[in-house]
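Colleague: What shape does this take:
(2 chains)
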Amino acid sequence: MSTPLLRIEGLTKAYPGVVANDHVSFDIGEGEVHALLGENGAGKSTLVKMIYGLVKPDSGRMLLRGEPYAPPEPRAARADGIAMVFQHFSLFEALNVAENIALGMENPPPLRDLADDIRRVSETYGLPLDPYRVVGDLSAGERQRVEIVRCLLQDPKLLIMDEPTSVLTPQEVQILFETLRKLKAEGTSILYISHKLEEIRALCDHATILRLGKNVGECDPRETSARDMAEMMVGAVLKTPERAGRELGEVALDVSGLSVKSPSEFGTSLKNLHMEVRKGEVLGIGGVAGNGQDELLAVLSGEILTDASAVKLHGRPVGRMGPGVRRGLGLLTAPEERLGHAAAPDMSLTENALLTGAVREKLVSNGFLRWGDTRAFAQRIIEAFDVRTPGPENAARSLSGGNLQKFVIGREVLQRPEVLVVNQPTWGVDAAAAAAIRQAILDLAAEGAAVVCISQDLDELMEISDRFAALNEGRLSAPRPTAGLTVDEIGLMMGGAHGMEVAHV
Amino acid sequence: MDLSAINPVLLVASLMVAATPLLLASIGELVVEKSGVLNLGVEGMMITGAISGFAVAVETGSPTLGFVAAAAGGALLSLLFALLTQVALANQVASGLSLTLFGLGLSALMGQGYVGVKPPPTPKLDIPVLTDLPVVGRILFGHDLMLYVGVAIVALVWAVLKFTRAGLILRAVGENHHAAHALGYKVVRIRTLAILFGGACAGLGGAYISLVRVPQWTEGMTAGVGWIALALVVFASWKPWRVLLGAYLFGGITVLQLNLQAAGVAIPVEYLAMSPYIVTILVLVILSADKSSAPASLGRTFHASH
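Modeller: Okay, the predicted model is just below:
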C-alpha cells in the first residue's frame, strides 16, 4: 500500500477528569472517504481539532504524506491543505458571505474577485450562493454551503466534515454526496464524521469507530450492517423502539386555519395550518429547519397567542391561553433549544424541574416553593430517564447535550401530558439515548396521549410516527400515514431540493 | 436678552473644541466594543490621560510630548483592564467600573502638585490665506492640531473597519469569538490591542480637556465625559461617522446653551443644562432605528476551551 495521506499514531489528549483521546491510530488514504463514527463524547471532536491544529495532543504523532505533521494553529493546517467544515461556531451572522469566506482564507483576493470566485465554485459544485447576502439571513442549509465553498476555495487535500447532513433535506443530502464524490474523484480525501449510519454506508470507503476516546474497531461500511456499526459504537446490543399496536381515540388536539406572523425578523410565518391529532397517535412533522418549526411549537405551547378557536384542546378553544394555563389543561411542550429555551443553563436540575412542573406536579403552594417535592421530582426524572449526572443540584449547563435532552423530555413525559409537543427530541443525542427517548414517546402514546413530534430526522419520524406531514415555508402538507411512504414522496412533501442541482463539473 | 451677542462663527469653532474630548474617547471605545469587549473604564482612562498629559506638558514645556504621554497613560491603565478581563477572565463590567474608580483616585494622587499650574499653550494652526478666509477660515483652519487628529482617527477607524482585512478580523472577533478562534485568529491578542487603542484614545481625550479646553488641572475634571462617550457609542450604533455627528451635536448644544445662559434667555438654567443630553439621545435614537445591532459577543468572556 502506498503512503497514506494522513497517518495518525497513538494520539492522546487528556482534559482534567477525562481522557478525550486515548492512543488513537488510523490512516486516511489518498482520495479516500473515511468515516469517523462514535457517540457524543467519544472524542471525535477532540481528534479532528488536533488534526486541524486547534488542540495540541499530549502525546502521539501525525504524519502527512510520510512527513511529521504537527500544526501549531489552524492557519498551518490550512497551509498544508487541510480544511474543515464545522458543525457549530464558525460563521459570523452579521457579516456577508464573502466576508465570512475571506476570514477563512490565508491570502484572500480583493472582495470583488473573491465574490466572482465564490460564484464560480458554488455553481460548479451545485451549491448556489449570493456572496453579498448577510449570513444571518441564510437558512441552515445555505450556511453549510458557505462553509463548504470556503473550504473548496482553498483547494484542500483533506476535507474534514463534522456532522454535515443534520440540517439537509434528503435531496440536499444526495446533492452533497454528489459533490463529495466529485471531490473524491478529483483526489481529495474526506474525513466524514457522523452518527447517521446509512449515510456512512452510502458514502464512505472506510470507517474508524471511537468509543470513550479509544479506537474500538475499523470496518468497511459498505459491507457492515448499520446495526453492527451502531453496536460497535455503543458497545452494547441496541434495542429498537417497539411500537405496540394501539387504538386511536377521539381528537385531542385540533388546529384549524391557523395563520400567524413570525415574531422574529428572520422567522417564517405560519400560513393556514390544519391538523388533528388523536389520542394515542404520534404525528410526525418533518421539514428543513427554519420553515416554521419554532413558530409552530410556540403557537402550540402558548408563547404565541392566536385566535381562540385556531387551537383546540379536547374541543376547547385554547388559542388565547398562555403556557401556564395550557400546562394545567394537559398540553405540554419541549422546545428544541435545550440551553436557554427548554432549560435555564445556570440553574440546577431541581430548579429546572420546577420551572415547567410547578403546575401539574403541584410544586407550589400559596406562593411558596415545595423544594422537597421538587427535588424528588427531579430525582424521579433522573432515574427514569437514566440522566447521567452526580445529582439534581448540578447546573443544567454541566450536562452533556444528550443527557440534558433526556432530562427535558423526561420532565414533560413524567407530568402525564394529554398532548405532548416535542421539537427535535433527539437532536445531537447519541444512538442509545435517542432510542430511549423515542421509546418513551411511543410508550406515552400507547398510554393514550397524543404526541406531535417535530423533527428533522426523517428516520426518526418514520420510526415513531403514525402519520407524517411536512412544513415548508410555513405551510403544512396534508398528513399521510407513514406506512409505505417512500423517501421521494417525503422529499416532495418537504418542498424539493430548494434550488440545488446536481454538480456538473 | 440679547441673542445677537452670539457669534455663529465662534459658536461653531468652539463646539468643535468642546466635542473633541468626547469624540476621541468614543471612537476609542467604539473600536474596543467592535472587538467584543465592554470597557466601562473610559472615565478613569480619560482622567489618567488628562493628568499624565498635563504633568508631562508642564515638566517638559511641550504640549506634543504631553499628548504622547496622555496616550501612553491611558493605554497603560487599559492594559490593567486587559490583564484582568483577557488573561484573568474577570467580569468586564466590574473590572471597568473599578478601573474608573482607580483612575479617578490615581489621577488625584498624581495631580497633587499641579493644581493651579498653567500648562504651556497648545499652538493653533495658522496657515496663511486659508486661516484668514472669512467664516470658514476660523472654523476649518484655525484650531490646534489635536482637533484634526481626532477627526482623522474617526476617518481612519471607519476606513480600517470597512475596507481592510485587519478591520474584518476585528469585527469577526467581536461577532463570534468562538468562530474566530476556530479559524485560528488570536482572540485575546486582538482584543488586547483594541483595548490598548481605546485606552490611548481616551487618554488623548482627557488631555485635550486639561491642555486645550480648560487649560488647567482640577481633580475629576473630566466630569462624566467618559460615561457620555460610552452612551454615545451605543446610540451611534457602533458607526464611526455617527459618533462624530453625535459628539459634534452634543458639543454644539453644550456650547449653545452656555451662550444662551450668558445671553439671559428666559428658560430655567436646569432645562438648558439638560438639553445637550436630551437632544443627542433623541437624534441618535431616531438614527439608530435601522437594524444594526451590537457586536454579538460584546461583553462576553472568551475562554478557548469552551
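
Colleague: Quick one: classify whichever residue of chain B sits closest to chain A as helix, strand or coil.
Modeller: The minimum distance from chain B to chain A, using C-beta to the nearest C-beta, falls at B:Gly184 (3.4 Å). Yep, even glycine has a C-beta here, placed from its N, CA and C like the rest. Secondary structure, DSSP: H, G, I helix; E, B strand; the rest coil: B:Gly184 is coil.

Colleague: For the chain, give me the ranges with low pLDDT.
Modeller: All of this is about chain A. A:1, A:17, A:40-41, A:87-89, A:166-169, A:237-246, A:266, A:495-505 (pLDDT under 70).

Colleague: ah, no, chain B please
Modeller: In chain B, residues with pLDDT under 70: B:1-3, B:290-292, B:305-306.

Colleague: So which residues on it come close to chain A?
Modeller: B:165, B:168-169, B:171-172, B:175-176, B:178-185, B:291, B:293, B:295-296, B:305 (C-beta under 8 Å from any C-beta of the partner chain).

Colleague: please redo it, this time with the cut-off set to 6 Å
Modeller: B:Leu168, B:Ala172, B:Glu175, B:Asn176, B:His178, B:Ala179, B:Ala182, B:Leu183, B:Gly184 (C-beta under 6 Å from any C-beta of the partner chain).

Colleague: where along the stretch 151-300 of chain A do the helices fall?
Modeller: Counting by DSSP state H, counting those that start in this stretch, the stretch 151-300 of chain A has these helices, from start to end: A:170-185, A:197-203, A:226-234, A:293-301.

Colleague: Give me the contact list for the shortest one.
Modeller: The one in question is helix A:197-203. A:Val33, A:Ala35, A:Thr165, A:Phe177, A:Ser194, A:Pro221, A:Ala226, A:Met229, A:Ala230 (C-beta atoms under 6 Å, 6 or more residues apart in numbering or on different chains).

Colleague: Of all pairs in those residues, which one is the farthest apart?
Modeller: Spatial extent of the contacts of helix A:197-203 (C-beta to C-beta) is set by the pair A:Phe177 and A:Ala230 at 20.6 Å.

Colleague: So between the two, which is more surrounded?
Modeller: A:Ala230 (21 against 17; other C-beta atoms under 10 Å in any protein chain shown).

Colleague: pretty sure the more buried one is in contact with A:Ala432, am I right?
Modeller: No - taking C-beta atoms under 6 Å as the definition, A:Ala230 is not a contact partner of A:Ala432, at 8.8 Å.

Colleague: Give the burial count for the nearest residue to A:Arg320 once chain neighbours are set aside, as a bare number.
Modeller: Among residues not flanking A:Arg320 along the chain, A:Ala308 sits closest, at 4.7 Å (C-beta to C-beta, 6 or more residues apart in numbering or on different chains). Taking other C-beta under 10 Å as the criterion, the count of residues near A:Ala308 is 13.

Colleague: Can you report phi and psi for A:Ala308?
Modeller: Dihedral pair for A:Ala308: phi -60, psi -40, per degrees, to the nearest 10.

Colleague: With B:Asp144 instead?
Modeller: The phi/psi pair for B:Asp144 (degrees, to the nearest 10) is phi -70, psi 160.

Colleague: got a list of what the closest residue to it other than its chain neighbours touches?
Modeller: Nearest residue to B:Asp144, sequence neighbours excluded (C-beta to C-beta, 6+ apart): B:Thr122, at 4.6 Å. When contacts are counted by C-beta under 6 Å, 6+ apart, B:Thr122 touches B:Pro63, B:Asp144, B:Leu211, B:Val212.

Colleague: Just give me the neighbour total for A:Glu147.
Modeller: Neighbours around A:Glu147, by other C-beta under 10 Å: 22.

Colleague: Actually, A:Gly340.
Modeller: 10.

Colleague: Same question for A:Lys214.
Modeller: Neighbours around A:Lys214, by other C-beta under 10 Å: 16.

Colleague: Could you pull up the residues touching the residue nearest the centre of chain B?
Modeller: The centre of chain B sits closest to B:Ala25, judged by C-alpha atoms, centre = their mean, with a distance of 1.3 Å. Counting by C-beta under 6 Å, 6+ apart, B:Ala25 touches B:Val42, B:Met46, B:Ala202, B:Gly205, B:Gly226, B:Ala229.

Colleague: Packing partners of the helix or strand where B:Gly73 lies?
Modeller: Using DSSP states H and E, B:Gly73 maps to helix B:63-82. When contacts are defined as 3 or more C-beta pairs under 6 Å, 6 or more residues apart in numbering or on different chains; DSSP states H and E, helix B:63-82 packs onto helix B:42-60, helix B:92-110, helix B:187-208.

Colleague: and the angle from the longest one to helix B:92-110?
Modeller: What it means is helix B:187-208. In terms of direction (axes from the mean of the first three to the mean of the last three C-alpha atoms, to 10 degrees), helix B:187-208 departs from helix B:92-110 by 40 degrees.

Colleague: and the next element down the chain from helix B:187-208?
Modeller: Next along the chain from helix B:187-208, counting by DSSP H and E, comes helix B:225-235.

Colleague: So which elements touch that next one?
Modeller: Helix B:225-235 packs on helix B:8-34, helix B:42-60, going by 3+ C-beta pairs under 6 Å, 6+ apart.

Colleague: Out of those, which one sits most buried?
Modeller: Ranked by mean neighbour count, the helices and strands packed on helix B:225-235 are led by helix B:42-60 with a mean of 29 (mean count of other C-beta atoms under 10 Å in any protein chain shown).

Colleague: Who are the packing partners of it?
Modeller: Counting by 3+ C-beta pairs under 6 Å, 6+ apart, helix B:42-60 packs on helix B:8-34, helix B:63-82, helix B:92-110, helix B:187-208, helix B:225-235.

Colleague: Point me to the residue of the stretch 51-200 of chain A nearest chain B.
Modeller: For the stretch 51-200 of chain A, C-beta to the nearest C-beta, closest residue to chain B: A:Pro74, 3.4 Å.

Colleague: That residue: neighbour count?
Modeller: Neighbour tally, A:Pro74, other C-beta under 10 Å: 21.

Colleague: Kindly report the same for the one 5 residues further on.
Modeller: Number of residues near A:Ala79 (other C-beta under 10 Å) recorded here: 13.

Colleague: Correct me if wrong: B:Phe67 contacts B:Ala207.
Modeller: Yes - counting by C-beta under 6 Å, B:Phe67 does reach B:Ala207; the two are 5.5 Å apart.

Colleague: list the residues that contact both of the two?
Modeller: B:Gly53.

Colleague: The two: which is more packed in?
Modeller: Shown here are B:Phe67 and B:Ala207; by other C-beta under 10 Å, B:Ala207 has more neighbours (35 against 26).

Colleague: helix or strand for B:Ile278, which one?
Modeller: helix B:269-287.

Colleague: Need the contact partners of that helix.
Modeller: By C-beta under 6 Å, 6+ apart, the list of residues contacting helix B:269-287 reads B:Phe235, B:Ala236, B:Gly246, B:Leu249, B:Phe250, B:Ile253, B:Thr254, B:Gln257, B:Leu260, B:Gln261.
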